[in-house]
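Trainee: take a look and give me a structure for this.
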Amino acid sequence: MPRLGDYTYIAATIAFTVYGQLILKWRVGHFGELPQDGVAKIGHLFRLLLDPAILSGVAAAFAASLCWMAAMTRFQLSEAYPFMALNFVIVILLSAWLLAEPVSLQRAFGVALIVLGTVVAARG
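Mentor: Model prediction:
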């Protein structure tokens with residue numbers, strides 16, 4: 001049975017995942033749209049991979065994977081996985097705040113449903 005401290009692995013997975021998504025979106029926006037030409041696409045993606053902030057997002061994804069593996073040693077997948085839905089909630093809220101992305105009423109309602117579903121699934 002997991003102890004309270006074991007939830008740190010899930011929280012760290014969420015934190016690293018959210019960071020990675022936000023930093024990637026922020027930095028990719030600075031590089032502009034993906035070109036249509038195949039060779040230009042590859043060059044564009046390569047330049048993205050050389051950006052230190054984007055590399056930190058890739059590293060965060062790797063760290064999230066490590067934390068998730070640690071969580072899997074303490075939880076059943078069906079017990080831990082519902083918490084991953086919180087990524088959607090946190091990313092939407094932080095992208096509205098940090099990236100000035102719009103949050104419609106419909107999206108806010110969807111986020112509320114995700115939170116409700118996560119609570120129900122976590123208690124089951």
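Trainee: list the buried ones in the helix of greatest length in the chain?
Mentor: Taking residue count as the measure and DSSP state H as the definition, the longest helix of the chain comes out as helix 7-31. Neighbour-count burial for helix 7-31, counted by 16 or more other Cβ atoms under 10 Å, picks out 9-10, 12-24, 27-28. All C-beta atoms are positioned from the backbone trio N, CA, C, and that covers glycine.
Trainee: quick one: low-confidence parts of this structure?
Mentor: Using pLDDT under 70 as the threshold, the predicted model of the chain has no low-confidence range.
Trainee: packing partners of the very next helix or strand once past the longest helix of the chain?
Mentor: Counting by DSSP states H and E, the next helix or strand C-terminal to helix 7-31 is helix 38-50. Secondary structure elements in contact with helix 38-50, counted by 3 or more Cβ pairs under 8 Å, 6 or more residues apart in numbering; DSSP states H and E, are helix 7-31, helix 52-72.
Trainee: which residues sit against the first one?
Mentor: Spelled out, it's helix 7-31. The contact list for helix 7-31 (Cβ atoms under 8 Å, 6 or more residues apart in numbering) reads 44, 47-48, 51, 53-54, 56-58, 60-61, 63-64, 67-68, 70-71, 74-75, 80, 83-84, 86-87, 90-91, 94-95, 98-99.
Trainee: how near is the nearest residue to L98 once chain neighbours are set aside to E101?
Mentor: Taking Cβ to Cβ, 6 or more residues apart in numbering, and ignoring the residues beside it in sequence, L98 has L22 as its nearest neighbour in space, at 6.4 Å. Taking Cβ to Cβ, to the nearest Å as the measure, L22 falls 10 Å from E101.
Trainee: same question for V115.
Mentor: Counting by Cβ to Cβ, the separation of V115 from E101 is 19 Å.
Trainee: what's the ChimeraX syntax to select whichever of the contacts of helix 7-31 are buried?
Mentor: For anyone working in ChimeraX, the buried entries among these, judged by 16+ other Cβ under 10 Å, can be selected with:
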select :44,48,51,54,56,57,60,63,64,67,68,70,71,74,75,80,83,86,87,90,91,95
